[in-house]
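Student: need the 3D shape of this:
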Amino acid sequence: MRTNMETVSKHTCSDPAEENEDPGAAPYGNFINYYTFNPPENRLSLIPATLLQEIGFNSSTETVLILDVGCNSGDLSVGLFKHFLQDQPEKESSKTVHMLGFDLDEDLIKRAQNSNPFPENIQFIALDITQEKSNTELSSYLDTFGRHRFHLCSCFAVTMWVHLNHGDAAFLALLSRLSSVCEYLLLEVQPWKCYRSAARRLRKLGRSDFDHFKTLEIRGDMAAHAKEHLEKQCGMELVRSFGSTSWDRSLLLFKKQ
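Tutor: From the prediction side, this is the model:
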C-alpha cells in the first residue's frame, strides 16, 4: 500500500469561498457555516469507502475507534461514519465502529450534538487540542474501550489554525500529539497560501493580525514539513496520498511504524 511521493504538495490555496462568497474571518477556523462552502463530499470523494479494511481493520469482528480532530458542526464526521460503513450490515456496524469528534468551539459542538443521527456511535465534545488536559479526555475515551490508541485519526485543515495562533512549536506539538494517539493518521494540511488568505481576511475586517504570522519560521511547503516531522520525530511513515481536494489540499495517510 506504500506510495512514494517525490513532492508532497506544490498546490496553491484555491478557495471558492474567498472568491465567490467570503465566509468572513474565524481566527480559529471555527466558521459557522463551514460545510456550506466546503461540503463533506470534497474530501469523501477521495477517500475509499473500504479504507478501514485496506489498512487492516475489520469492523465486523473488532471495535474500531476513529478520532476526528476539529470536527466543526460534525457534518464531515457523520459523513465519514456513513462512508466507511455503507457496504456493511447496519447491525454489525452499529456495534463495532465508534467515533469521537471534537472542536474548541462549544457552540459548534452543541450543533453537532443536536443534529447527530448516530448518538450511540458518534460522540462530540468541546476540546482544545493545544491544551494538556486534552490528553486526559482522549485517554478517558480510549479507556472505555480498553484501548491505548485510536485505529484512525482524521485531521482536516486544522494545522494552520494551531500554527497561526500558537506558533511553530505548537504546530509540531500538534503533529506529535496526534501521532501518539493513533495507529493511522489521515491528514490534510493547508498550504502556505492559505495562511496569507486567512491573514488577509482578518485585515479586511479591521481586526488584528494573527500573533505569530509574521514570525513563523516554518513556511513554504507545509505538507512536506508535516511529513518530515511525522517521519523523523514521531515514528510514522507516509503510506498513501489520496490526491488533492477541489481546494488543492493533499490528503495524506500516515501509519505508526
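
Student: name the helix or strand for Gly101, please.
Tutor: Gly101 belongs to strand 97-103 when assigned by DSSP states H and E.

Student: got the contact list for that strand?
Tutor: Strand 97-103 is contacted from outside by 30, 52, 59, 63-72, 74, 77, 80-81, 84-85, 109, 112, 121-127, 129, 137-138, 141, 145, 150, using CB atoms under 8 Å, 6 or more residues apart in numbering. In short, each C-beta sits where N, CA and C put it, glycine included.

Student: got a PyMOL select line for the buried ones in these?
Tutor: Selecting the buried subset of the contacts of strand 97-103 in PyMOL, with 16 or more other CB atoms under 10 Å as the burial test, is done by:
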select buried, resi 30+52+59+64+65+66+67+68+69+70+71+72+74+77+80+81+84+85+109+112+121+122+123+124+125+126+127+129+137+138+141+150
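
Student: direction included, what does the strand holding Gly101 pair up with?
Tutor: strand 64-69 (parallel), strand 122-126 (parallel) (DSSP bridges).

Student: which helix or strand contains the spatially closest residue to Phe84 that is not a sequence neighbour?
Tutor: Among residues not flanking Phe84 along the chain, Leu52 sits closest, at 5.4 Å (CB to CB, 6 or more residues apart in numbering). For Leu52, the host element (DSSP H and E) is helix 51-54.

Student: list the buried residues in that helix.
Tutor: For helix 51-54, by 16+ other CB under 10 Å, it's 51-52.

Student: so what touches that helix?
Tutor: Here helix 51-54 has contacts from 1, 48, 58-59, 64, 84, 97, 151-152, using CB under 8 Å, 6+ apart.

Student: per-residue confidence averaged over it?
Tutor: In this model, helix 51-54 carries a mean pLDDT of 94.

Student: can I get that helix as CSV, trimmed to CA atoms?
Tutor: Output in CSV follows, covering the C-alpha atoms of helix 51-54 (Å, rounded to 0.1, in the frame of the first residue of the first chain):
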residue,chain,number,x,y,z
LEU,A,51,-10.2,2.3,3.8
LEU,A,52,-10.7,0.6,7.2
GLN,A,53,-10.4,-2.8,5.5
GLU,A,54,-7.5,-1.7,3.4
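
Student: show me where this protein has its helices.
Tutor: Taking DSSP state H as the test, the helices found in the chain are 16-20, 34-37, 41-44, 51-54, 75-85, 90-96, 106-114, 133-144, 159-166, 168-180, 192-204, 222-233.

Student: would you turn the ones you listed into TSV with distance to Leu216?
Tutor: Below are the helices of the chain laid out as TSV (distance: least, CB to CB, whole Å):
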stretch	distance to Leu216
helix 16-20	21
helix 34-37	24
helix 41-44	26
helix 51-54	33
helix 75-85	27
helix 90-96	42
helix 106-114	26
helix 133-144	23
helix 159-166	7
helix 168-180	6
helix 192-204	8
helix 222-233	10
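
Student: quick one: which of those helices is nearest Gln257?
Tutor: Among the helices of the chain, helix 222-233 comes nearest to Gln257, with 8.8 Å by CB to CB.
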